[in-house]
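Asker: structure, please.
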Amino acid sequence: MRVVILGSGRGSNAEAILLAQQQQRLGAARVVRILSDQPGAGILALGPRFGVEALFVDPAPFRTKLEGEGEARFIAAVQAAEPDLVVLAGFMRVLKPGFLGAFAGRIINLHPSLLPSFPGLDGIGQAFRRGVKVTGCTVHAVTAEVDGGPILDQAVVRIEEGDTLEAVAAKVHAAEHALLPAVIARLSQRTRE
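Answerer: The predicted model follows:
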């Protein structure tokens with residue numbers, strides 16, 4: 001199963017996927033390309049480190065969504081890698097119908113809350129400020145509804161008395177790093193059956 005990862009930031013979840021691949025824990029999945037909408041994103045440095053092509057793709061003209069020329073450039077860059085699965089790992093743009101249609105049924109996202117609770121930006125902060133006792137992370141299929149696609153799996157994180165926001169974030173990130181590669185490995189087995 002050919003996997004393309006899209007990310008905007010430092011790439012800790014992409015690194016977890018690549019480490020799982022290196023350690024033979026990614027099933028039949030293989031990361032073939034990393035793409036970022038930020039030219040200086042840390043995720044791009046993972047490419048040379050793990051022997052995977054990593055490219056910046058100009059997302060212009062919009063700042064928070066993929067549409068128009070930027071969307072066309074991303075579609076072309078993803079299609080060139082012939083992916084079976086597109087993984088959004090900290091990709092901070094809303095996907096529009098053109099991109100969603102080009103890869104229908106093949107896009108998954110990792111979100112830092114137990115959806116359907118706390119969708120959108122800052123899921124960890126939303127949960128912490130609300131005072132919930134459990135939070136976590138969710139891997140879901142991507143649809144036109146932001147953070148609203150079918151849930152594939154979740155990992156639960158307890159918020160203990162005295163936990164700071166930073167402590168909760170560290171726990172959620174650790175859960176993400178385990179959950180996302182496990183879901184990809186499971187999906188790769190389904191495609192082989």
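Asker: what's the burial count for the closest residue to L110 other than its chain neighbours?
Answerer: Excluding its sequence neighbours, the residue lying closest to L110 (C-beta to C-beta, 6 or more residues apart in numbering) is L180, at 5.1 Å. For the C-beta atoms, the positions are set from N, CA and C on the backbone; glycine is no exception. Each residue near L180 was counted by other C-beta atoms under 10 Å, and the total is 25.
Asker: shouldn't L180 be in contact with A14?
Answerer: No. Between L180 and A14 there is no contact under C-beta atoms under 8 Å: 9.1 Å.
Asker: ok, now which ones touch the residue nearest to L110?
Answerer: By C-beta atoms under 8 Å, 6 or more residues apart in numbering, the residues touching L180 are N13, A16, I17, V87, A89, L110, V139.
Asker: how about the second one, secondary structure?
Answerer: Judged by DSSP: H, G, I helix; E, B strand; the rest coil, the three-state class of A16 is helix.
Asker: spit out the contact partners of the closest residue in space to it that isn't next to it in sequence.
Answerer: In this structure, A16 finds its nearest non-sequential neighbour in H177, 3.8 Å apart by C-beta to C-beta, 6+ apart. Each residue near H177 by C-beta under 8 Å, 6+ apart is listed here: S12, N13, A16.
Asker: need the contact partners of the helix or strand of the chain with the lowest mean pLDDT.
Answerer: Within the chain, no helix or strand scores below strand 65-66, which has a mean of 88 by mean pLDDT, DSSP states H and E. For strand 65-66, the surrounding residues in contact (C-beta under 8 Å, 6+ apart) are D37, P59, F74, R93, V94, L95, K96, F99.
Asker: please tell me how far the last one sits from D58.
Answerer: Taking C-beta to C-beta, to the nearest Å as the measure, F99 and D58 are separated by 15 Å.
Asker: where does pLDDT dip in this structure?
Answerer: Flagging of the chain using pLDDT under 70 yields the residue ranges 191-193.
Asker: point to the residue nearest the middle of it.
Answerer: A89 (2.2 Å; C-alpha atoms, centre = their mean).
Asker: for it, what are phi and psi?
Answerer: Main-chain dihedrals, A89, degrees, to the nearest 10: phi -120, psi 80.
Asker: ok, and the closest non-adjacent residue to it?
Answerer: Looking at A89 with C-beta to C-beta, 6+ apart, the closest residue is N13, at 4.0 Å.
Asker: so that neighbour sits against G7, correct?
Answerer: Yes. If you go by C-beta under 8 Å, N13 and G7 touch, sitting 7.3 Å apart.
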